[in-house]
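1. Kindly return the folded structure for what I paste below:
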Amino acid sequence: MPESVGTPTDNALAEHAELEAVLADPAVHADQSRARELGRRYAELGPLVAAIREQEALAADLADAREMAAEDHEMAELASQLEGQLAEVDVRIRDLLVPRDPADAKNCLLEVKAGEGGDESALFAGDLVRMYTRYAEQRGWQTELISATEGEMGGYKDIALAVKSRNPADPVYGRLKYEGGVHRVQRVPVTESSGRIHTSAVGVLVLPEAEEVDVTIDQNDLRIDVYRSSGPGGQSVNTTDSAVRITHLPTGVTVAMQNEKSQLQNKEAGMRVLRARLLALALEEQAARDSAVRGSQVRTVDRSEKVRTYNYPDNRVADHRSGYKANNLSAVLDGDLDPVIQSLLDADTAAKLQGASS
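-> Sure, this is the predicted structure:
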């Protein structure tokens, strides 16, 4: 990629042009992983390059309009309009130049865990899974079940999903990462006969999905235990030692899998989750070294560490980080998450801009 010797916009244009030339070479596509990463970066730069081109065209039109404004009243009005449009594009470019987190372009693993509230928490975990699944469908993303433990009355005690995007310009992790945290629900449980409102908590953890090239795992650093699966499942469940627990000894990160019928399948699924957790850990450590940590996700699934509240009696959803509030809870739970997520994107951009200027 080009060295950063010019302005940020010059560097972006140069990098975009070089990527375009590289991606036009058929030999590059022999390495699918590299071609995919280059394609993601090219798509990521697209909106910024388009805005820069728009800025250049507006600046040229404005110069012409100003030159004729002294003799033509209409040109003076046009110049005023162009100044306003140029100011809007300048702000858009400034926002697009805000550094992105390195994992934003990745797909992700989404884990939902029931917390305080027992059966009601598991039921709400199921509601959140439906919300994320519907949101993924609306954006054209794919979801894949990795593991799940169902609640006794429905919903999930815990569940892990892989979420993937077919469109490099619409990355998954860059949007869903803001869902990490404790989600609180206030409603009358189906088991409540007196009509009393209960408060329950569900934890959501969002991890960038790691490819093998992202995380190097020494097999000597792993302890792999096998045991008999428990709970509902196929014929092999409860009869063979097909469940797998993988412990990464240097970090203590542990992953257990029992959904698949064979040890090999459970090990492959477990390694997939382990790589994602180790990548997330490495990114957190890097962010801490750069003094760029802007809050963790789930530490404990406790009602006091809430990031968002879903209030059924008032049909209200409130995000406690961005201050977003709306009385459209049913729509949000049906997958209409974009306005909530956009409020978090805007808040994060504002915080980065403030940090850059201080």
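
2. Contacts for stretch 269-286, please.
-> By C-beta atoms under 8 Å, 6 or more residues apart in numbering, the residues outside stretch 269-286 that reach it are 101-103, 108-109, 146-147, 160, 162, 207-212, 214-215, 217, 244-246, 248, 251, 253, 255-257, 259-260, 293, 296. (Each C-beta comes from the backbone N, C-alpha and C, glycine too.)

3. ok now it, how far from the chain's centre?
-> The chain centroid and the centroid of stretch 269-286 are separated by 15 Å under C-alpha atoms, centre = their mean, to the nearest Å.

4. Could you list the buried residues of it?
-> Within stretch 269-286, the residues scored as buried using 16 or more other C-beta atoms under 10 Å are 269-280, 283.

5. now do stretch 324-335
-> Buried residues in stretch 324-335, counted by 16+ other C-beta under 10 Å: Tyr324, Ala326, Leu329, Val332, Leu333, Gly335.

6. What sits closest to the second one if chain neighbours are left out?
-> Read that as Ala326. Nearest residue to Ala326, sequence neighbours excluded (C-beta to C-beta, 6 or more residues apart in numbering): Val317, at 5.8 Å.

7. what sits opposite that neighbour in the beta ladder?
-> Taking DSSP bridges as the rule, Val317 bridges to Tyr310, Ala326.

8. May I have the predicted confidence score for it?
-> Looking at Val317, its pLDDT is 97.

9. Alpha carbons of stretch 145-158, in PDB - could you do that?
-> Coordinates of the C-alpha atoms in stretch 145-158 are reproduced here as PDB (Å, rounded to 0.1, in the frame of the first residue of the first chain):
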ATOM      1  CA  LEU A 145     -26.000 -22.200  14.700                       C
ATOM      2  CA  ILE A 146     -22.700 -23.100  16.400                       C
ATOM      3  CA  SER A 147     -24.000 -24.400  19.800                       C
ATOM      4  CA  ALA A 148     -27.100 -24.100  22.000                       C
ATOM      5  CA  THR A 149     -28.500 -25.100  25.300                       C
ATOM      6  CA  GLU A 150     -32.200 -24.700  25.500                       C
ATOM      7  CA  GLY A 151     -34.100 -23.500  28.500                       C
ATOM      8  CA  GLU A 152     -36.500 -25.700  30.400                       C
ATOM      9  CA  MET A 153     -39.500 -23.600  29.400                       C
ATOM     10  CA  GLY A 154     -38.100 -22.500  26.000                       C
ATOM     11  CA  GLY A 155     -35.600 -19.900  24.900                       C
ATOM     12  CA  TYR A 156     -31.900 -20.500  25.600                       C
ATOM     13  CA  LYS A 157     -29.600 -20.800  28.500                       C
ATOM     14  CA  ASP A 158     -26.900 -20.100  26.100                       C
END
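
10. distance between that stretch and the chain's centre?
-> Its chain's C-alpha centre and that of stretch 145-158 lie 22 Å apart, by C-alpha atoms, centre = their mean.

11. Residues touching it, excluding its own?
-> With C-beta under 8 Å, 6+ apart as the test, stretch 145-158 has contacts from 109, 111-114, 119, 121-127, 129, 159-162, 190-191, 231-232, 257-259, 269, 272-273.

12. which parts of the longest helix along the chain are buried?
-> Longest helix in the chain by number of residues (criterion: DSSP state H): helix 32-69. Residues 35, 37-45, 48-49, 51-52, 54-55, 58, 61-62, 65, 69 are the ones in helix 32-69 that count as buried (16+ other C-beta under 10 Å).
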